[in-house]
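In: Sequence and computational prediction follow.
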Amino acid sequence: MTKIYIKLITMALALALSASVVMMSSYAWMVLSGNPAATGIQVAVGGGNTILIAPNVKTEEDGKVYNYPGYFSESLNFGVSKEYEYLHNLEGLRPVSTANGIDWFLRSGTVDSELAYANLSKDEADAEFAKQCNYVYLDFWVVSPSGDHTLRVSTGKPEDVGGSFVIDLMNPVYDEETGYSLEPQKGSAAASVRIGFLANDVTLTDETMEKYMATHAYKYGREYTSLRGLYVEPKSGTPYLDADRFTIYEPNADYHPAKEEYSGCYVPTTPLAINAEDGYIWDKLAVQLSSGWKETTNGETEIAQKLKTATIASGAPKENANLFTDFYVKTLQGQIAPYVAKGQFIKHTENLKNSLLATGSDYIAIGDSSNIDTSGAAEDTYIIKLERNVPQRIRMFVWIESQDVDCSASAGSGAFAVNIEFAGETEKDDE
C-alpha cells in the first residue's frame, strides 16, 4: 500500500484577550492568563479546496434537540459565528483529567460525565467551583468532496504558515538600554495542555436529515444524503455510544519547564479513568515533540525582530500597558504560525510504550532512542475516517491535564498559542 498525505484543514483555537477581537486570517490564537483565566475565545478553521467546513447548528423542537451543519465553506471563524457566541464569555481553563473524553475528573474528586462543568461562563451561579474546574468543547462539521480520507493531526509542511503546535507567548517588555524585547515566561501551562477529538460515524436520524434539508444552508449541499456523528447533549443524562473513539493530541511532549530533570524526555501521562486500565491511552495518542520560535542568523528570534520593527514604525510609547495586546492582536493579528518551528510527531506511538517497557523507567530520552522515528503525523492514531460527500460532526475538547508531570501552580500563569492542522490520508494499491 502507498500512503499519500494531503493537507485537508487548518484549525486554530484562541482564548483571546478580548471577545471583540476579530482575526483577519484563517489562523487565530489561544491566550490563557491568571492561572489560567481567559476573557474570550476565538476559533478559526481554514480548509481550501480539499475539504469544506461548517458550524454546528443546534435547534430544539418539542423538547428534542437536532444538530446539523450550517453553510459549508472553505474557511470558518468560530469567533464571529453566532453559533459559538458562548465562547466569548468563558471562565477559563482549569485542570481536569480524562482518558476518554466522556468521564472528566475534577479537582474536587467529582466525575463529570454530562458536560456539566464544560464551557462555564464567568457569570455561572456556581462561580467559585468554576474557578476550580473548567474545560472547553465545541462541535463542528467537515465534509470531503474529493474522496475518502482518514483524518489526523499534522505538523504540516515546513513552508506552510499553519501546522499544529502549542507554544508559550513571550511577554513584550521595554528596557531603557536594550529597547523592546520578548521575555520568556517563568511558568508554562502550554506544557500540560491537551486537545481531544471525540468522533463516531453513527448515522443521524432521517428526521434530523429532514430538518437539515429544510434549511437555506442545504441548497449548497444537495449531494449530501446522510449525516454522521451523534453525541451527548449537556446535562441530558443520556448514555454515550460504544462507537465513540477519542484521540488525544499531546503537544510539547519533551518540554518540561516545571520538571527540568525530564528535559528532552518523554514522560507518559496516565489520566484518571473509571477503570484504572483505561488510563493507559497509548492507542489514542498523537504525540508531538516541542515546537519553538524560529531564529535569525544572529540568534535572535524572528518574532522578537518583528516586535522591534513594529514598535519603531508605530512610535509605540516606552511605557505601554497594552503592549502585549497591541503586538499579538493588532500587529500580528493572531498570525503566530509563520514564526514557529513546529515539532515533529512520533511516527508510531507504540514505539514509545515499548521503549519504556524495555527500560523499566518512567521516562525515555527521545534523542537516545534509535527506534523512535518521527514524521508529519502519527501513523497509528487517527480521528475519524471520512467518506466522500458524507458530512461528519466532530466534537473537540481543550483542557489542562491535571495528571501531566508539568501541571503545577507555577505552570498556571502566562499565555500560550495553539494552532491545529489536520491531514488526510488516502491509500492506493501498489502497482
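Out: It's in.

In: State the distance from Phe416 to Glu302.
Out: 18 Å (C-beta to C-beta, to the nearest Å). No exception for glycine: its C-beta is placed from N, CA and C like everyone else's.

In: Tell me which of the two has more neighbours.
Out: A direct count of neighbours by other C-beta atoms under 10 Å for Phe416 and Glu302 places Phe416 higher, at 25 against 14.

In: if I look at that one, how far off is Ala189?
Out: From Phe416 to Ala189 the distance is 6 Å (C-beta to C-beta).

In: same question, Thr98
Out: Distance from Thr98 to Ala189, by C-beta to C-beta: 17 Å.

In: what do you get for Thr309?
Out: 29 Å.

In: more crowded one of the two?
Out: When neighbours are counted by other C-beta under 10 Å, Thr309 and Ala189 differ, and Ala189 comes out ahead with 27 against 12.

In: The more buried one touches Ile400, doesn't it?
Out: Yes - Ala189 is within contact range of Ile400, at 6.0 Å (criterion: C-beta atoms under 8 Å).

In: what about the stretch 201-350 of the chain, any weak spots by pLDDT?
Out: 220-222, 312-321 (pLDDT under 70).

In: quick one, strands of it?
Out: For the stretch 201-350 of the chain, the strands defined by DSSP state E, counting those that start in this stretch occupy 245-250, 265-266, 285-287, 292-293, 340-341, 345-346.

In: And the residue nearest the centre of the chain?
Out: Ile195 (4.3 Å; C-alpha atoms, centre = their mean).

In: can I assume that residue sits in a helix?
Out: No - counting by DSSP: H, G, I helix; E, B strand; the rest coil, Ile195 is not part of a helix but strand.

In: OK, contacts around it?
Out: Counting by C-beta atoms under 8 Å, 6 or more residues apart in numbering, Ile195 touches 13, 153, 248-249, 251, 396-398, 418, 420.

In: how about those residues in a markdown table, adding distance to Val142?
Out: As requested, the contacts of Ile195 are exported to a markdown table (distance: C-beta to C-beta, whole Å):
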| residue | distance to Val142 |
| --- | --- |
| Leu13 | 15 |
| Val153 | 13 |
| Ile248 | 19 |
| Tyr249 | 16 |
| Pro251 | 21 |
| Met396 | 11 |
| Phe397 | 16 |
| Val398 | 18 |
| Val418 | 19 |
| Ile420 | 13 |
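
In: Could you dump these into TSV with distance to Pro338 and neighbour count added?
Out: As requested, the contacts of Ile195 are exported to TSV (distance: C-beta to C-beta, whole Å; neighbours: other C-beta atoms under 10 Å):
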residue	distance to Pro338	neighbour count
Leu13	18	25
Val153	20	27
Ile248	27	23
Tyr249	21	26
Pro251	18	30
Met396	24	21
Phe397	27	21
Val398	23	23
Val418	15	26
Ile420	16	25
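
In: Give me the subset of these lying in strands.
Out: 13, 153, 248-249, 396-398, 418, 420 (DSSP state E).

In: What is the nearest of the residues you listed to Leu241?
Out: Phe397 (16.4 Å; C-beta to C-beta).

In: which residues does Leu52 bridge with?
Out: For Leu52, the beta-bridge partners under DSSP bridges are Val143.

In: Can you tell me which helices and strands the helix of greatest length in the chain packs against?
Out: Ranked by residue count, the top helix of the chain under DSSP state H comes out as helix 302-314. Packing partners of helix 302-314 (3 or more C-beta pairs under 8 Å, 6 or more residues apart in numbering; DSSP states H and E): strand 179-183, strand 292-293.

In: Please work out which of those strands is packed deepest.
Out: strand 292-293 (a mean of 18; mean count of other C-beta atoms under 10 Å).

In: partners of that strand in the sheet?
Out: When DSSP bridges is applied, strand 292-293 pairs with strand 340-341 (antiparallel).

In: who's in contact with the partner strand?
Out: Contacts of strand 340-341 (C-beta under 8 Å, 6+ apart): 163, 165, 167, 291-294, 417, 419.

In: Whichever of those end up buried, select them in PyMOL.
Out: Command for PyMOL that selects the buried part of the contacts of strand 340-341, burial taken from 16 or more other C-beta atoms under 10 Å:
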select buried, resi 163+165+167+291+292+293+417+419
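
In: if we can go back for a sec, lowest average confidence across the helices and strands packed on helix 302-314, which one?
Out: Lowest mean pLDDT within those: strand 179-183, at a mean of 86.

In: Okay, now the sheet partners of that one, with direction.
Out: strand 171-175 (antiparallel).

In: what about the partner strand, distance to the chain center?
Out: 28 Å (C-alpha atoms, centre = their mean, to the nearest Å).

In: One more: stretch 239-253?
Out: Per C-alpha atoms, centre = their mean, the centroid offset for stretch 239-253 relative to its chain is 12 Å.

In: quick one: average confidence on stretch 65-73?
Out: 91.

In: which residues touch that stretch?
Out: 47, 52-60, 81, 83, 139, 141, 143, 204, 207-209, 211-212, 215, 217, 220-221, 227, 229, 231, 233, 391, 393.
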